[in-house]
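*Asks:* need coordinates for the below:
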Amino acid sequence: MSHNRISTLLEKGLFASRWLLAPLYVGLALALLLVLWQFGATAITLVVSTLSGESHGFVLQLLALLDLVLLANLILIVIFAGYENFVSKIDAAKDDEDRPHWMGTIDFSGLKLKLIGSLVAISVIELLKDFIHLGEDPAAKIGDGTIWRIVIHLVFVVSGVMFAAMDFISEKIKPGHGTD
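*Replies:* As a prediction, the model looks like this:
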């Protein structure tokens, strides 16, 4: 067998290996069902506690719903952008009027920024829950868990700024963007 033939077979095999990612994206789609289930359970709890006159945990339960929605959005972004960037185009959505405008346009760099933005939003909600709990309980103090959530949030924010700065710099140094 010639060197070119071996090289071609190897390259075809490597290219076909991208389909090994497809079951992972299906798994994420199934995880959306679990997020939906959790959302429904939290929403029912919110409605029942509100109708019974309990306002104690209303804001926290509402923040939990927002947290789940952001998580579901994050999962969907990863599914669509990851599948289209690494596996194959989603032709079924090509002419659909409900196709998100960003679908098919997010590259790996854009995906990173959307992911870090979602993580920052989710961590803000978690911090807000902690601070609301502190405000409701006069005896509560900022504990190690809250301090770690603040540190993690700051790491997410700094990482997001660094990703954005790196993308900005890489766009400026691409060929054809220099000063002639």
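*Asks:* lowest average confidence, helix or strand, in this protein?
*Replies:* The weakest-scoring helix or strand in the chain, judged by mean pLDDT, DSSP states H and E, is helix 108-136 (a mean of 79).
*Asks:* how about the residue positioned nearest the centre of the chain: what's its closest non-neighbour residue?
*Replies:* Nearest to the geometric centre of the chain sits residue 74, at 2.8 Å (CA atoms, centre = their mean). Excluding the flanking residues, the one nearest residue 74 by CB to CB, 6 or more residues apart in numbering is residue 118, at 4.1 Å. The way it works is simple: take the backbone N, C-alpha and C, and place the C-beta from them, glycine included.
*Asks:* that neighbour contacts residue 78, correct?
*Replies:* No: counting by CB atoms under 8 Å, no contact exists between residue 118 and residue 78, whose distance comes to 9.2 Å.
*Asks:* flag the shaky bits of the protein, pLDDT-wise.
*Replies:* Scanning the chain for pLDDT under 70 picks out 56, 104, 135-140, 144, 176-180.
*Asks:* buried ones in the strand or helix carrying residue 41?
*Replies:* Here residue 41, judged by DSSP states H and E, is contained in helix 22-51. Residues of helix 22-51 classed as buried: 25, 28, 35, 38, 39, 42, 46 (neighbour count, 16 or more other CB atoms under 10 Å).
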